[in-house]
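>>> Predicted coordinates and the sequence they were generated for:
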Amino acid sequence: MMRTIVGWLSQVVVVTLLNLRTIGQRLGSSAVSVVGIAGVVVVFVAVLSMAEGFRKTMATTGSPDTAIVMRSGADSEMVSILTLDDMRIVGDAVGVRRGEKGPLVSGELFVIVDLAKRSSNTTANVPLRGVGSNAFAIRPNIKIVQGRMFESGRNELIVGKGAAGQFAGTEVGHTVRWGQNQWTVVGVFDAGGTISDSEIWCDAGVLQPAYRRGSSYQTAYVKLESAEAFAKFKDALTTDPRLNLKVVRETDYFAEQSQMVSTMITTLGSIIALLMGIGAIFGAVNTMYSAVSARTREIATLRALGFGGGPVVVSVLAESLLLALIGGAIGGAVAYVGFNGFQTSTINWQTFSQVAFAFAVTPGLIVAGIVYALVMGLLGGLLPAVRAARLPIVSALREL
Amino acid sequence: MKYMPLVWRNLTRRKTRTIFTILSIAVAFVLFGVLAALNVAFSQGVELAGNDRLIIQHKVSLIQLLPESYQARLETTPGVVDVLHQTWFGGIYQKPSNFFMQCPVVPDRLLKLYPEYVLPADQKKAFLSDRTCAIVGRQTANRFGFKVGDRVPIQATIWRKKGGATNWEFNVCGIYDGDKKGVDTTSLFFNYEYFDEARQFGQGLVGWYVIRINDPAQAPEIAERIDAMFANSFAETKTTTEKAFLQAFANQIGDIGLIIRGIVTAVFFTILLVAANTMAQAVRERTSELAVLKTLGFSDGLVLTLVLLESCAIAIIGGAIGLGLAWLLTQGGDPTNGMLPAFYLPTADLGRGALFALGLGIVSGIMPAMQAMRLRIVDALRRT
């Protein structure tokens, strides 16, 4: 028993090695199959890395110990409104962390302004956020990388580095006119690849009169004592009869805001990758069939010498898988070199504003791409492998 | 025609190869069809934009509101035929992902500005006369199973009712269709008077205006006139053609659309390359047979035609299957639920696809066919 297994295995190894060594003679058709599979993997990885990059930008935004307070019923910052009274009560609530100058609460305004997109030179909805003086204590990851911070009370803007790359007229020193107000860009900030990088910031106190908001805000960003303090903070506000507010964790809010776009990219990407995969499998089937038919006499000779059908099947599958692996690796590498870190921007329907993000080709995606390639190779090699094992020896030996 | 059996015999000589070649060509053309639909979808239906319609929005951004009083001034502007104002309602039906646009409008103005919305006569009458009536587009009605007579509850995100309630109910008394393929039928329209009376704040403010002008060629002058009219007021305007407006919106989607389309195009041609290579190989394998045909007296031209017929047959069968499948796939409409409402396969692209298939057949067949034609019988027979 043991001997037959060992014998079988050694047959498998011998036939497979023989097979792989002769790939060189069938370079043309093998290359076609490799290119086909590599193409599919490039697309598969590239499209998913776009969704991944978008998701990552949204998901890394926010920290679990920050809460966003909005009016109840509002599904995004843009449609929320908070009165000055609301703001006071929020600042006094339990669970709020206190800094040197009182509670760490930032009353913010979130509006949209039109700027020209560099890539198309047509107008795009760019988010403009008015922030309070605590905004930077609440978001410690934000750093000015060029120019300086805006001065409170002046019509000055600082621009996220994503927005600075995507929209025209955001260079330091530039002035922009929105309505009857003129603004000067004084600095560029880096928010570490989060959604804030897509935004333009200014002093909330200046934005209020410019947009006729009186003393009202749209949202309050609140630093909590700890991530665990969220529950008691939320309870305190939502049970207060004077208020009609909604409290969400910052991380949850931005994860939620990314859903529509990442679903769209993933849906379209999967449909396309699936269709292409099917196409590549057909290509692989043809390649392997011609590989088998080119080796008809060789296989028949092996069979005549006493090699079994099993090793022949394995050897054909191994060839197909090897080609797929090469294709998958090439595809993954091309996707990484060509797309990783590629900066782009799109509209997020949920906030009706632009989000700048970078494609993220993660190791997980490359592995997924190679696995997909191997599946294509396996399916593509199966039928030809069976055909090879079933070749009638006598007539095959006679074939030219 | 009498050579068809011969072509057929050649095709069925290696059945599996022929079948798989046809299938991979079919897949390429499914991709081609999906690509065409995506093209339309990512351009947000720019092709369907009325060239006699202009959009007037607040100069700072679309989310800033404009006074309703502009309507009367716009109506008396020379060159303007019809005026309609619309407002973003932004409500939620059951859950946020069930996104579709709701918009308060003056009913008769809507139907005048958008003749592409088709309503049965009785439903039209109800929409014009009953203030609580709302009409829903076919695509959204199908998506949620809305029927005439239903009451649809919508949660307001922006527009609360007086007293602070956020729940609005709309009586669906009409379902409109598009008069041609690709017309966006995802929106719900309801009566502006009802909306303006019931809302808590913002009375007399609307989102943007759509106007029809009498001469599309005059569009730049009219737009300039309108923007000048409201210049230096607290609500300055920006007037663009509907086409430019949609184009700018399509550009906001940006590179994503471009990249997806670029990728699909690249893949389409890769698959075709692979298929063409296989077909060419199929002919090369038969060199000696072709020599025998020529020995039997087949002319050079006839051999060329036979080979070309074979490759064209494969390409056209594959192309037809692929385009047919693509057509079926895109019948379901927008796969993303509301973000790409204009998702359909234009007839022109079906025609273009068919031409591509024929082209593929000729291109992949021509090289081996030329070789076959030039073949010297003696050489070919000796080669095996």
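The structure has been received and is ready for your questions.
>>> so B:Leu113 makes contact with B:His85?
No: counting by CB atoms under 8 Å, B:Leu113 does not reach B:His85; the two are 10.1 Å apart. Just so you know, the C-beta spots here come from the backbone N, C-alpha and C atoms, and that holds for glycine as well.
>>> Among those two, which residue is more densely surrounded?
Taking other CB atoms under 10 Å in any protein chain shown, B:Leu113 and B:His85 do not tie; B:His85 has more neighbours (25 against 22).
>>> Quick check: the more buried one vs chain A, distance?
From B:His85 across to chain A, the span is 19 Å (CB to the nearest CB, to the nearest Å).
>>> quick one: that residue is in a strand?
Yes: the assignment for B:His85 (DSSP: H, G, I helix; E, B strand; the rest coil) places it in a strand.
>>> Now do the contacts for it.
By CB atoms under 8 Å, 6 or more residues apart in numbering or on different chains, the contact set of B:His85 is B:66, B:68, B:70-71, B:105-106, B:109, B:192, B:206-210.
>>> what do you get if the cut-off is 6 Å, keeping everything else the same?
B:His85 makes contact with B:Val206, B:Tyr209 under the criterion CB atoms under 6 Å, 6 or more residues apart in numbering or on different chains.
>>> Let me know the secondary structure of A:Val292.
A:Val292 is classified as helix under three-state DSSP.
>>> Checking the residue nearest to B:Val105 when sequence neighbours are not counted next. Helix, strand or coil?
In space, and not counting its chain neighbours, B:Val105 is closest to B:Phe189: 5.1 Å by CB to CB, 6 or more residues apart in numbering or on different chains. Assigned with three-state DSSP, B:Phe189 falls in the strand class.
>>> The strand or helix carrying A:Leu382 and chain B, are they touching?
A:Leu382 is part of helix A:363-390, with elements assigned from DSSP states H and E. No: counting by CB under 6 Å from any CB of the partner chain, chain B has no neighbours in helix A:363-390; the shortest distance is 7.5 Å.
>>> Name the residues of that helix that are buried.
Using 16 or more other CB atoms under 10 Å in any protein chain shown as the test for burial, helix A:363-390 gives A:365-366, A:368-370, A:372-374, A:376-385, A:387-389.
>>> so where do the strands sit in the chain?
Just going to use chain A. A:66-71, A:98-99, A:102-103, A:105-116, A:123-131, A:143-147, A:156-160, A:175-178, A:181-190, A:200-203, A:219-223, A:245-249, A:343-348, A:353-358 (DSSP state E).
>>> looking at chain B here, not the other one
B:53-58, B:66-67, B:80-86, B:102-105, B:117-118, B:133-137, B:151-155, B:167-178, B:188-191, B:205-206, B:208-213, B:237-241.
>>> Turn those into a markdown table, columns for mean pLDDT and distance to A:Asn155.
Output for the strands of chain B, formatted as a markdown table (pLDDT from 0 to 100; distance: least, CB to CB, whole Å):
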| stretch | mean pLDDT | distance to A:Asn155 |
| --- | --- | --- |
| strand B:53-58 | 92 | 19 |
| strand B:66-67 | 94 | 24 |
| strand B:80-86 | 95 | 31 |
| strand B:102-105 | 95 | 34 |
| strand B:117-118 | 94 | 44 |
| strand B:133-137 | 94 | 43 |
| strand B:151-155 | 93 | 37 |
| strand B:167-178 | 93 | 38 |
| strand B:188-191 | 95 | 39 |
| strand B:205-206 | 94 | 25 |
| strand B:208-213 | 95 | 26 |
| strand B:237-241 | 91 | 21 |
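>>> which one of these lies closest to A:Asp252?
Smallest distance to A:Asp252 across the strands of chain B (CB to CB): 19.2 Å, for strand B:151-155.
>>> right, and B:Asp179 touches B:Tyr117 too?
No: taking contacts as CB atoms under 6 Å, B:Asp179 lies outside contact range of B:Tyr117: 7.8 Å.
>>> Pick out whichever of these two has more residues nearby.
More crowded of B:Asp179 and B:Tyr117, by other CB under 10 Å: B:Tyr117, with 21 against 11.
>>> and that one, what does it touch?
Counted by CB under 6 Å, 6+ apart, B:Tyr117 has contacts B:Tyr176.
>>> Quickly note the distance from it to B:Ser187.
According to CB to CB, to the nearest Å, B:Tyr117 and B:Ser187 sit 9 Å apart.
>>> Enumerate the residues of the stretch 201-350 of chain A near chain B.
So far as CB under 6 Å from any CB goes, the stretch 201-350 of chain A lies against chain B at A:264, A:267, A:275-276, A:278-279, A:282-283, A:285-286, A:344-347, A:349.
>>> which of these count as buried?
Judged by 16+ other CB under 10 Å, buried ones among those: A:264, A:275-276, A:278-279, A:282-283, A:285-286, A:344-347, A:349.
>>> Adding pLDDT and distance to B:Phe99, write those out as TSV.
Formatted as TSV, those follow (pLDDT from 0 to 100; distance: CB to CB, whole Å):
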residue	pLDDT	distance to B:Phe99
A:Met264	79	11
A:Leu275	81	26
A:Met276	79	29
A:Ile278	85	31
A:Gly279	81	33
A:Phe282	83	37
A:Gly283	78	39
A:Val285	83	42
A:Asn286	80	44
A:Thr344	84	23
A:Ser345	85	21
A:Thr346	85	16
A:Ile347	83	13
A:Trp349	75	7
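>>> any idea which of those is the one closest to B:Leu323?
Relative to B:Leu323, the closest of these is A:Leu275; by CB to CB it sits at 13.5 Å.
>>> out of the strands of chain A, which comes closest to B:Val378?
Of those, nearest to B:Val378 by CB to CB is strand A:343-348, at 61.3 Å.
>>> tell me the angle of that closest one relative to strand A:353-358?
Following axes from the mean of the first three to the mean of the last three CA atoms, to 10 degrees, one obtains 150 degrees for the angle between strand A:343-348 and strand A:353-358.
>>> In its sheet, which strands sit next to strand A:343-348, and in what direction?
Strand pairing for strand A:343-348, using DSSP bridges, gives strand A:353-358 (antiparallel).
>>> Could you give the average pLDDT over the partner strand?
When pLDDT is averaged over strand A:353-358, the result is 86.
>>> Cool, thanks, talk later.
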